[in-house]
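J.: Return atomic coordinates for the entry below.
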Amino acid sequence: MNELVEVSDEVCKDMLRMDRLVFSRLCSLLQDLGGLTNSKYVNVQEKVVMFLSILAHHTKNRSIKFQFKRSGQTVSKHFHSVLKYVLKLHSLFLVQPEPVAEDSEDPRWQNFKGCLGALDGTYIDVHVPAVDQARYRNRKGQTSVNVLGVCDMNMRFVYVLSGIKTYLVP
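T.: Below is the predicted model:
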């Protein structure tokens, strides 16, 4: 675990999809506000690293148990415990959208009274292994993923959907 978190921000971003500062803040939030605690043999940081590794790379339990030298039961137990505390803190992590007010004076939002936000999609270039490139190839021949986002009036993301399947119609 130390190789993932304590080496550099670049390694941490590659493996956990966040830098070391954000990782330590997440662990502190889960401990202080959520109530996640160290177990006899696994500390909070290792639990969160296992959880994020599974989510960030769609890694299977079997791979994580080999990587962290833990049993499959231990990996599963700690994944579900971190998930429980993340869900417990959902109000802290998720933005609650507010509809555009009827008396809105903002010219960008005048025609959207009562709406929760603006919706748009885009392609984001990605680097994937050669065997997976065909699945990520877009109509221009680049490897990318289609992302849909919704922003509220304050330009905060309230919804993001990654990996939308698109089909080319002849």
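
J.: Show me what counts as buried in the helix or strand containing residue 46.
T.: Counting by DSSP states H and E, the element that carries residue 46 is helix 44-57. Burial within helix 44-57, assessed by neighbour count using 16 or more other C-beta atoms under 10 Å, is assigned to 44-54. Where C-beta positions appear, they are placed from N, C-alpha and C, glycine not excepted.

J.: tell me which of those is nearest to residue 95?
T.: residue 52 (20.8 Å; C-beta to C-beta).

J.: got the CA positions of the host helix or strand of residue 63 in CSV?
T.: In this assignment (DSSP H and E), residue 63 forms part of helix 61-68. Output of helix 61-68 as CSV, limited to C-alpha atoms (Å, rounded to 0.1, in the frame of the first residue of the first chain):
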residue,chain,number,x,y,z
ASN,A,61,-11.6,-9.4,-5.6
ARG,A,62,-9.2,-12.1,-6.6
SER,A,63,-6.7,-9.6,-8.0
ILE,A,64,-6.9,-7.4,-4.9
LYS,A,65,-6.5,-10.3,-2.5
PHE,A,66,-3.3,-11.2,-4.4
GLN,A,67,-2.0,-7.6,-4.6
PHE,A,68,-2.6,-6.9,-0.8
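
J.: which residues make contact with that helix from outside it?
T.: Defining contact as C-beta atoms under 8 Å, 6 or more residues apart in numbering, one finds that helix 61-68 is touched by 1, 46, 49-50, 53-54, 70-72, 74-76, 79.
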